[in-house]
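>>> Here is the input, now give the coordinates:
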Amino acid sequence: MVRKPSDISQLKVRLPERLRRNIESEAATHDRSMNAEIVSRLERSFQKDEDRLQEVAEVLLAGLDRALVERMLTIRLEQEAEDTDWGAAQQAYREEIELRAQELLAEQMKEKDSK
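Numbers count the residues shown, from 1 in each chain. Model (predicted):
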């Protein structure tokens, strides 16, 4: 069975009592269920990861060639068009960034050695 990104999955999770109480308290503070609190916090944590990745990409892209920029934009557009798992896009970004970072590092080392 293939699950769509819009499907809702039910999970059974074991938590330390201290963490469960924290979630319960925060849920009450935000006037929502514990489930809604957990989902909100998980979504925010993934968004923070995406934001960090985007920041790194922007910094690296500032000095990168147009071909890499276009490749990364293509990856993003493909993911949006397919409405697939963003984890795949993040992995593709990481691979593209790591490859280019390694190339830049090698170029810098080569320039340093030639001096």
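
>>> what's the pLDDT at residue 67?
At residue 67, the pLDDT value in this model is 68.

>>> likewise the one 4 residues further on?
Model confidence at residue 71, given as pLDDT, is 72.

>>> and it, what is it in contact with?
By CB atoms under 8 Å, 6 or more residues apart in numbering, the contact list for residue 71 reads residue 96. The way it works is simple: take the backbone N, C-alpha and C, and place the C-beta from them, glycine included.

>>> Secondary structure element holding it?
Counting by DSSP states H and E, the element that carries residue 71 is helix 66-82.

>>> try residue 42
Using DSSP H and E, residue 42 sits in helix 34-62.

>>> Would you pull up how far that helix lies from the middle of the chain?
6 Å (CA atoms, centre = their mean, to the nearest Å).

>>> Same question for stretch 100-108.
Here the centre of stretch 100-108 is set off from its chain's centre by 23 Å, with CA atoms, centre = their mean.

>>> separation between residue 114 and residue 107?
Separation of residue 114 from residue 107 (CB to CB, to the nearest Å) stands at 11 Å.

>>> Touching both of these two, which residues are there?
Contact with both residue 114 and residue 107 is made by no residue, according to CB under 8 Å, 6+ apart.

>>> which of the two has more neighbours?
The residue with more neighbours, out of residue 114 and residue 107 and counting by other CB atoms under 10 Å, is residue 107; that gives 10 against 6.

>>> Scan the helices and strands of this structure for the one with the lowest mean pLDDT.
Scoring the helices and strands of the chain by mean pLDDT, DSSP states H and E places helix 66-82 at the bottom, with a mean of 69.

>>> So which other helices or strands are in contact with the helix or strand just after it?
Sequence-wise, the next helix or strand downstream of helix 66-82 (DSSP H and E) is helix 86-114. Where contact means 3 or more CB pairs under 8 Å, 6 or more residues apart in numbering; DSSP states H and E, helix 86-114 is packed against helix 34-62, helix 66-82.
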